[in-house]
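A.B. asks: coords below, sequence missing:
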């Protein structure tokens with residue numbers, strides 16, 4: 001792991017906003033790297049200094065909304081050039097703010113206020129709704145707190161936060177339940193809730209909106225367990241849906257989890273003769289960093305007829 005990545009994520013770690021896997025990697029690195037350990041210690045001391053004169057704690061809904069927007073931005077933002085890094089570099093801003101406590105307080109207040117001001121509003125998806133369902137298009141959702149399915153039935157219970165925690169119940173066919181599931185799969189900062197939501201979406205991957213959400217989860221979710229579950233549900237559609245095929249190719253090339261990459265390669269076997277798949281296999285067979293992936297790509301290519 002590069003020191004640059006660690007230093008970019010130290011501020012999130014200190015403020016308790018780093019994902020579990022990122023926290024583990026950062027702790028492992030700082031235990032071995034003296035420079036990064038010193039950087040971490042400086043950030044912790046700065047955080048302790050700010051904490052001596054604490055402002056009023058934000059409400060749970062305000063905190064949930066801010067975390068949700070931050071998580072969505074981190075997971076969907078593409079890497080930019082120098083101008084992008086200068087425009088949004090939390091670690092660098094906080095390091096500069098060491099010399100201006102007033103600036104630091106302003107940044108934190110604006111961050112929380114922006115999270116609430118841009119709270120996500122659920123847009124209706126899919127035709128129709130189940131009995132008793134009311135659309136949630138006008139509800140500003142701060143977060144999904146839990147998703148459960150009654151064993152042996154099609155009934156689902158979802159607790160979600162607006163001004164206060166609310167609960168929706170209905171079948172997987174209900175419009176309101178579908179909207180909340182799609183919302184949770186894309187936006188919730190709790191990886192366990194995202195896992196539950198994606199698990200329910202896999203029960204009906206023929207639905208266009210559900211399949212779009214699964215593709216999104218495979219490409220962008222930070223939790224490898226969520227990505228693996230989405231990948232498994234998309235497998236049967238690799239032949240008939242080019243979007244699914246492209247998402248599997250992207251996972252094969254870019255995913256950081258070896259298990260997800262290996263499963264994506266296995267699922268692409270039925271379409272190995274496709275031109276785009278063949279091209280990716282040739283690249284992987286020649287120079288992939290994983291010896292297993294290189295070997296499997298060469299095996300699949302050897303099974304294909306020669307191109308005249």
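C.D. replies: On my side now, so go ahead. Note that the coordinates shown come from a computational prediction; the quantities given were computed from them, not determined experimentally.
A.B. asks: strands along the stretch 151-300 of the chain, start to end?
C.D. replies: Ranges of strands within the stretch 151-300 of the chain are 155-161, 165-171, based on DSSP state E, counting those that start in this stretch.
A.B. asks: got the angle for the first one vs strand 165-171?
C.D. replies: When axes from the mean of the first three to the mean of the last three CA atoms, to 10 degrees is applied, the directions of strand 155-161 and strand 165-171 differ by 160 degrees.
A.B. asks: to residue 246, which of the strands of the stretch 151-300 of the chain lies closest?
C.D. replies: Minimum separation from residue 246 across those (CB to CB) falls at strand 155-161, 30.2 Å. Glycine gets a C-beta too; all of them are placed from N, C-alpha and C.
A.B. asks: helices of the stretch 201-308 of the chain, start to end?
C.D. replies: 208-220, 224-234, 242-254, 258-267, 275-287, 291-302 (DSSP state H, counting those that start in this stretch).
A.B. asks: quick one: closest of these to residue 151.
C.D. replies: It is, among the helices of the stretch 201-308 of the chain and with distance given as CB to CB, helix 224-234, at 19.1 Å.
A.B. asks: that closest one vs helix 258-267, what angle?
C.D. replies: Here helix 224-234 points in a direction 10 degrees away from that of helix 258-267 (the same axes, to 10 degrees).
A.B. asks: now the weakest link among the strands of the stretch 151-300 of the chain, please, by mean pLDDT.
C.D. replies: Mean pLDDT values for the strands of the stretch 151-300 of the chain show the minimum at strand 165-171, a mean of 82.
A.B. asks: circling back to that earlier point, and among the helices of the stretch 201-308 of the chain, the most buried is which?
C.D. replies: Highest mean neighbour count among these (mean count of other CB atoms under 10 Å): helix 224-234, with a mean of 22.
A.B. asks: tell me which strands and helices that helix is in contact with?
C.D. replies: Helix 224-234 sits against helix 191-201, helix 208-220, helix 242-254, helix 258-267, with contacts defined as 3 or more CB pairs under 8 Å, 6 or more residues apart in numbering; DSSP states H and E.
A.B. asks: which of these comes out lowest on mean pLDDT?
C.D. replies: Averaged per stretch, pLDDT over these is lowest on helix 191-201, reaching a mean of 83.
A.B. asks: ok, residues contacting that one?
C.D. replies: 19-20, 144-149, 156, 172, 181-182, 184-185, 188, 210, 213-214, 217, 221-223, 225-226, 229-230, 233 (CB atoms under 8 Å, 6 or more residues apart in numbering).
A.B. asks: swap in stretch 252-263?
C.D. replies: Residues contacting stretch 252-263 (CB under 8 Å, 6+ apart): 224, 227-228, 231-232, 251, 264-265, 268, 280, 283-284, 290, 292-293, 296.
A.B. asks: tell me the two of those residues that are most distant?
C.D. replies: 232 and 283 (24.7 Å).
A.B. asks: so which helix or strand takes in residue 144?
C.D. replies: strand 143-149 (DSSP states H and E).
A.B. asks: that strand packs against which elements?
C.D. replies: helix 60-76, strand 155-161, helix 175-187, helix 191-201.
A.B. asks: in contact with residue 10, which residues?
C.D. replies: Contacts of residue 10 (CB under 8 Å, 6+ apart): 26, 36, 39-40, 43, 91.
A.B. asks: from those, which single one is nearest residue 238?
C.D. replies: Closest to residue 238, out of all of the contacts of residue 10 and judged by CB to CB, is residue 26, at 35.6 Å.
A.B. asks: quick check: that closest one touching residue 8?
C.D. replies: No. Counting by CB atoms under 8 Å, residue 8 is not a contact partner of residue 26; they are 10.2 Å apart.
A.B. asks: which pLDDT value goes with residue 25?
C.D. replies: Reported pLDDT for residue 25: 86.
A.B. asks: neighbours of it, how many?
C.D. replies: For residue 25, the neighbour count with other CB atoms under 10 Å is 16.
A.B. asks: again, but for the one 3 residues further on
C.D. replies: The local packing of residue 28 (other CB under 10 Å) involves 12 other residues.
A.B. asks: ok, residue 181 next?
C.D. replies: Residue 181: 26 neighbours (other CB under 10 Å).
A.B. asks: try residue 27
C.D. replies: So residue 27, with other CB under 10 Å, has 13 neighbours.
A.B. asks: that's a helix at it, yeah?
C.D. replies: Yes. With DSSP: H, G, I helix; E, B strand; the rest coil as the criterion, residue 27 is part of a helix.
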